[in-house]
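Q: no sequence for this one, just the structure:
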């Protein structure tokens, strides 16, 4: 079907095609929006219509890239589907785009509030979470050291608020990781109900129309230090609305799917539905679902052990033998009041007062004699203090009833209340106030609130959370927000048992130049073959254990925990052109890890087809170009003179390492300057279309790697 959306023929040729990377990975361009022409249109608008003369698109794109005008490049977006080993994915997510300011508060619910079938809100800022994820410094002996990541583990165990995107109901997830993305320009978004959040313009939020970035939905950009956006009725989802909806457990199909297909426990289902396990059992029995697969506790013909039995409550009749046994067990040194055979007179008075308390409270009708309230906690109080008249210490007529609050207020002022408490006792009927009960059909769901305005805040340190799926959203400042990567969830889906195996050419020793990276040459063949045998044994054991646990219905989130970092995972990644070029500059660099370079080079070829002029400028100014520091430029000025627009080499000039050190360059900076000036080949990341495969081929490969007998 024809489309009115601007397209690029070269990009359309590879759209939906999958390019293999490494042994089991792939990269596919599944969608894109915009091209070099959109960058030109966005740039010319910023100068004002008619105020800038027309010039070639190529020259303008190169000018923008050369002078680091990045906003127009953010108008172009690409969406990728990728599969890579987990250790590559961990490097990948360090370069995230959409992010939030550090003072953004993330909403958790404390376990105590959840057990009371309500919510008890607890907030942590992203900066606090980042600090808790950092290791602590152990200052004790090695054998006494605590886990340096105990604060991180505690945060990961907390219940993070999340919205179920299918039902709109509030549920819980957990934090997987937090990423610090560095300083970025952020905007403050203010909603009509007073909620606000600071985020970059490319962060996604749940609008009434679905997930979208602020720039896509509202056209948000920064101009001259002000936020410019398309005003209108833009509505976002926030949490905190209580509405009446049918209880989930009353839906037979839903309950059957959760209990018998997903095989969730009764406690897990009850927690999601906000009810007790007994309610879930009742509806399983009513729908006839409890006996499937032999998992039910209500088999036909089963008779409860207490059926037909009756019970009688009341005081227990204690025989003289039993009473004597109690006395012998609590007398002498066996008594909890034993103090070496001698008790102080004050302790004896306290013990006598405790024994008389029930009679005093009954005489006063279990009513506080000051506030006249029947409280749950009552104290027996001496009207005339013991210290004032010891002769009245063991007189029950000198005792009265006070609630805990009044007893604390009287303490230290006993003589002021002697006359007041000496009157006739006050009695009051017991009318307890029942605790509030949440009805089964009143559940917390998200609601829509209108965006009131945007404010440009400036450049701030930014962060982003990575959370467990399947929805990959969380509640921040009361607003439903999204993290920028959707990873394949081993908690809800079975992991394909595919593992990365490096080729011999990439099996190298640790480089001595720095603490990361490899030597240029491969290690010896014997070491490689032994490493492969070790890896295969570990993977066979881990894969076998995973399959064994899955076959026995162990929760998938537990079965996956020992799968190695070489296991393949997948995700969808949406990124704008500017941030993609920043990512590729880092990951196509020769110093980057070889495995992630393989993915970056394929993505660079896809970028070339979507925006070829931007790709050319990126190669010239960032890949084959290099920035120079002040000391480096001072060294070059010693070698080259400038006359107008003519560059002339100075005769007989040369700079030794000592000369460069005298200009303030360190040894490493001297080596890096020499590397910048040496001739280097210009890379070309052109895609080989003969390697492009259909999606069905990789889908079949992943399906075949899932443990046998499962979908």
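A: Thanks, I have the structure now. The structure displayed is predicted, hence computed values, not measured ones.
Q: from here on, contacts and neighbour counts on C-alpha atoms
A: OK.
Q: can you report phi and psi for the residue of the chain positioned farthest from its centre?
A: When each C-alpha in the chain is compared with the mean C-alpha position (Cα atoms, centre = their mean), residue 391 comes out farthest, at 66.8 Å. The phi and psi values for residue 391, taken as degrees, to the nearest 10, are phi -70, psi -20.
Q: for the host helix or strand of residue 179, buried residues please.
A: Assigned by DSSP states H and E, residue 179 belongs to strand 175-191. Buried positions in strand 175-191, judged by neighbour count with 16 or more other Cα atoms under 10 Å: 175, 177-181, 184-191.
Q: what is the end-to-end distance of stretch 684-703?
A: Distance across stretch 684-703, first residue to last, is 34 Å (Cα to Cα, to the nearest Å).
Q: check stretch 198-214 too.
A: End-to-end span of stretch 198-214 (Cα to Cα): 11 Å.
Q: now do stretch 109-129
A: One end of stretch 109-129 to the other measures 15 Å (Cα to Cα).
Q: burial of residue 467, as a residue count?
A: Applying other Cα atoms under 10 Å, we find 24 other residues in the vicinity of residue 467.
Q: just use 16 as the starting number from now, easier for me
A: Happy to do that; since the first residue is 16 now, the last one works out to residue 482.
Q: and it, what does it touch?
A: By Cα atoms under 8 Å, 6 or more residues apart in numbering, the residues touching residue 482 are 188, 189, 190, 191, 192, 488, 489, 498.
Q: that one pairs with what?
A: For residue 482, the beta-bridge partners under DSSP bridges are residue 190.
Q: any idea how far residue 147 is from it?
A: Between residue 482 and residue 147 the distance is 16 Å, computed by Cα to Cα.
Q: hmm, residue 80 and residue 633 touching each other?
A: Yes. Here residue 633 reaches residue 80: they are 7.3 Å apart, a contact under Cα atoms under 8 Å.
Q: of these two, which one has the most company?
A: The residue with more neighbours, out of residue 633 and residue 80 and counting by other Cα under 10 Å, is residue 633; that gives 23 against 19.
Q: may I ask which helix or strand encompasses that one?
A: According to DSSP H and E, residue 633 maps onto helix 627-633.
Q: report the mean confidence score over the following helix or strand past that helix.
A: The C-terminal neighbour of helix 627-633 among helices and strands, as given by DSSP H and E, is helix 645-654. Per-residue pLDDT values across helix 645-654 average out to 84.
Q: so what secondary structure elements neighbour the strand holding residue 194?
A: helix 141-148, helix 165-171, strand 211-214, strand 457-482 (3 or more Cα pairs under 8 Å, 6 or more residues apart in numbering; DSSP states H and E).
Q: so which elements touch the helix holding residue 633?
A: On a contact count with 3+ Cα pairs under 8 Å, 6+ apart, helix 627-633 meets helix 51-62, helix 72-81, helix 609-625.
Q: tell me the buried residues in stretch 590-605?
A: When neighbours are counted by 16+ other Cα under 10 Å, the buried residues of stretch 590-605 are found to be 590-596, 598-603.
Q: what would those look like in CSV with pLDDT, distance to residue 293 and secondary structure?
A: Listed next are the buried residues of stretch 590-605 as CSV, based on pLDDT from 0 to 100; distance: Cα to Cα, whole Å; DSSP: H, G, I helix; E, B strand; the rest coil:
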residue, pLDDT, distance to residue 293, secondary structure
590, 79, 47, strand
591, 80, 51, strand
592, 85, 54, helix
593, 82, 55, helix
594, 79, 52, helix
595, 85, 52, helix
596, 86, 56, helix
598, 83, 53, helix
599, 87, 55, helix
600, 84, 58, helix
601, 80, 56, helix
602, 83, 55, helix
603, 85, 58, coil
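Q: ok so, going back, reformat the helices and strands packed on helix 627-633 as JSON lines; add distance to residue 339 and mean pLDDT.
A: Below are the helices and strands packed on helix 627-633 laid out as JSON lines (distance: least, Cα to Cα, whole Å; pLDDT from 0 to 100):
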{"stretch": "helix 51-62", "distance to residue 339": "95", "mean pLDDT": "72"}
{"stretch": "helix 72-81", "distance to residue 339": "95", "mean pLDDT": "81"}
{"stretch": "helix 609-625", "distance to residue 339": "80", "mean pLDDT": "90"}
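Q: for residue 435, find the nearest of these.
A: helix 51-62 (81.3 Å; Cα to Cα).
Q: could you report the distance from the nearest residue to residue 51 once chain neighbours are set aside to residue 72?
A: Spatial nearest neighbour of residue 51, excluding adjacent residues (Cα to Cα, 6 or more residues apart in numbering): residue 626 at 5.2 Å. The span separating residue 626 from residue 72 equals 11 Å under the rule Cα to Cα.
Q: what do these two both touch?
A: When contacts are counted by Cα under 8 Å, 6+ apart, the set common to residue 626 and residue 72 consists of residue 51.
Q: of the two, who's got more company?
A: The neighbour count for residue 626 versus residue 72, taken as other Cα under 10 Å, is higher for residue 626 (22 against 15).
Q: the more buried one contacts residue 48, correct?
A: No. With contact defined as Cα under 8 Å, residue 626 does not reach residue 48; the gap is 10.5 Å.
Q: before we move on, back to that, just the mean pLDDT for the strand holding residue 194, thanks.
A: Mean pLDDT, strand 190-206: 84.
Q: again with stretch 466-473
A: Averaging the model's pLDDT scores along stretch 466-473 yields 91.
Q: chain center to it, what's the gap?
A: Computed by Cα atoms, centre = their mean, to the nearest Å, the chain-centroid distance of stretch 466-473 equals 25 Å.
Q: sort out which residues of that stretch are buried, please.
A: When burial is assessed from 16+ other Cα under 10 Å, stretch 466-473 yields the following buried residues: 466, 467, 468, 469, 470, 471, 472.
Q: how about stretch 270-284?
A: Residues 270, 271, 273, 274, 275, 279, 281, 284 are the ones in stretch 270-284 that count as buried (16+ other Cα under 10 Å).
Q: now do stretch 84-99
A: 85-99.
Q: now do it: distance from first to last residue.
A: Taking Cα to Cα as the measure, stretch 84-99 stretches 32 Å from start to finish.
Q: and that stretch, how far from the chain's centre?
A: Taking the mean of its C-alpha atoms, stretch 84-99 sits 23 Å from the chain's own mean (Cα atoms, centre = their mean).
Q: identify all contacting residues around stretch 679-691.
A: In contact with stretch 679-691 (Cα under 8 Å, 6+ apart) are residues 641, 646, 647, 672, 675, 676.
Q: change it to 10 Å
A: With contact meaning Cα atoms under 10 Å, 6 or more residues apart in numbering, stretch 679-691 is reached by 639-647, 649-650, 671-676.
Q: quick one: mean pLDDT over the longest helix anywhere in the chain.
A: Counting residues, the longest helix found in the chain (DSSP state H) is helix 540-566. Model confidence over helix 540-566 averages 81 on the pLDDT scale.
Q: and residue 585, what element?
A: Element membership of residue 585 [criterion: DSSP H and E] is strand 583-591.
Q: packing partners for that strand?
A: Contact here means 3 or more Cα pairs under 10 Å, 6 or more residues apart in numbering; DSSP states H and E; on that basis strand 583-591 packs against strand 40-48, strand 92-100, helix 101-107, strand 500-502, helix 592-602.
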